[in-house]
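A.B. asks: make a model of this:
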Amino acid sequence: MSINAFSEHFADLQDPRQTAKVAYSLFDILFLTVCAVVGGAEGWQDIEDFGEAHLPWFQKRGLFPAGLPVDDTIARVISRLNPEQFQCSFINWMRAVSSLSNGAVIAIDGKVLRRSYNPEDRASTLHMVSAFASANGVVLGQVKTDAKSNEITAIPALLALLDIRGCLISIDAMGCQTAIAAHIVEKGGDYLLAVKGNQERLSKAVRKALSSVVPGMSDIACVEQNRGRAEMREYHVIPATEVAREFPIWKGLTTLGVAIGYRYDPQGKESLEYRYYISSAELNKAQFANAVRSHWCIENQLHWVLDVTMKEDNCSIYRDNGAVNLATVRHMALNMLRLESGKKASIRRKQKMAAMNSDYL
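C.D. replies: Numbering: from 1, shown residues only. The predicted model follows:
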């Protein structure tokens, strides 16, 4: 991302400092923070160190003419940014640089930042809900759940910020709520919602409707083997005509589906799991299977990378809006690393190249 492109979407952020006391530009500090996280920085001191190492590169582009701020200054500025305003700028940037095809799967799921709590209040741990475009592997937006709320109220707030027209929104059982389903349809999208015990009557009706197409364990053949472990996945869909008539409150309900997973490990342990879904889209078996598999990309390609590569769960920043704003910066950095196609490499290797090579940065 060039400085001009960055400026187009983030230069209008409101500076939380008093004008008379501003020694370093908000734009400069934010741009440094994003670049540093692209280069593998995990905290405020890392960001300062990254800036020192690349100061000539920044100054060549007109940033930090009087030198770099210390890590405490960086922390104060980023932590006091309005997270809602920052998130809107992030979403507008993603709309400009990433396009979604008709029928694209957007997976929505929550993640806890495990060390983001105030030491005096473990309940203050930050919980984020993110929207992830499975096909191109980028984050489209995120919102923080309220301390007294959960994903059920955060998901509509996130959907309100996104353009989901023509997309299939996949959410686990927590988001299987009539209001969320209606909101998705009203915004021009389709839903694929996992059904479990939190919707007991609906769950029983879906299971009964699919019982005629669900095989038993003896009917399942193992088709995948990996290090002695055998796995099989099977998918079935049927029209939701009868269930939709029985549950008219589920707006646009069109398809019922079941994903069956069988596993046999080297110790001889077997497991068989049935996962049931409802959707407003008219899905065939292949489309349903792709959508179910695509949903889990948010765990493997987003949450896992944030934890293992970017060390998000080890970050103990919590003051003011520092944790939520730095989480947004990590998403920005991960998106840029994914969208950079000049060299085929892992996210971690790209981070190292950015840290060591200003030209690559």
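
A.B. asks: contacts, neighbours, all on C-alpha from now
C.D. replies: Will do.

A.B. asks: got the contact list for W93?
C.D. replies: Contacts for W93 were tallied using CA atoms under 8 Å, 6 or more residues apart in numbering; they are H9.

A.B. asks: looking at it now. What's its pLDDT?
C.D. replies: Here the pLDDT value assigned to W93 is 88.

A.B. asks: give me the pLDDT for the closest residue in space to G103 that isn't next to it in sequence.
C.D. replies: With CA to CA, 6 or more residues apart in numbering as the measure, C167 is the residue that lies nearest to G103, at 4.6 Å, once sequence neighbours are left out. At C167, the pLDDT value in this model is 94.

A.B. asks: in what helix or strand does R95 lie?
C.D. replies: When elements are defined using DSSP states H and E, R95 is found to belong to helix 83-97.

A.B. asks: helices or strands up against whatever helix or strand comes next after that helix?
C.D. replies: Following helix 83-97 in sequence order, the next helix or strand is strand 105-113 (DSSP H and E). In terms of contacts (3 or more CA pairs under 8 Å, 6 or more residues apart in numbering; DSSP states H and E), strand 105-113 is packed against strand 126-133, strand 168-171, helix 285-295.

A.B. asks: strands of this protein, start to end?
C.D. replies: Across the chain, reading from the start of the chain, the strands by DSSP state E fall at 105-113, 126-133, 138-144, 168-171, 190-195, 224-226, 229-239, 255-264, 270-279.

A.B. asks: and those strands: which comes nearest Q45?
C.D. replies: Distances from Q45 to each of the strands of the chain were compared using CA to CA; the shortest belongs to strand 105-113, at 19.6 Å.

A.B. asks: parallel or antiparallel, list what pairs with that closest one.
C.D. replies: Using DSSP bridges, the strands paired with strand 105-113 in its sheet are strand 126-133 (antiparallel), strand 168-171 (parallel).

A.B. asks: gap between the first one and the chain center?
C.D. replies: Translated: strand 126-133. Distance of strand 126-133 from the chain centroid (CA atoms, centre = their mean, to the nearest Å) equals 4 Å.

A.B. asks: CA-only coordinates of stretch 160-174 in CSV, if you can.
C.D. replies: The C-alpha trace of stretch 160-174 is given here as CSV (Å, rounded to 0.1, in the frame of the first residue of the first chain):
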residue,chain,number,x,y,z
ALA,A,160,-24.3,-3.1,9.2
LEU,A,161,-20.9,-1.9,8.2
LEU,A,162,-20.3,-4.3,5.4
ASP,A,163,-21.6,-4.6,1.8
ILE,A,164,-22.8,-8.2,1.6
ARG,A,165,-25.0,-8.0,-1.5
GLY,A,166,-24.7,-11.3,-3.4
CYS,A,167,-22.6,-12.9,-0.7
LEU,A,168,-23.2,-16.0,1.4
ILE,A,169,-22.7,-15.2,5.1
SER,A,170,-21.7,-18.3,7.2
ILE,A,171,-22.0,-18.2,11.0
ASP,A,172,-21.8,-20.9,13.6
ALA,A,173,-24.6,-21.8,16.0
MET,A,174,-24.2,-18.7,18.2
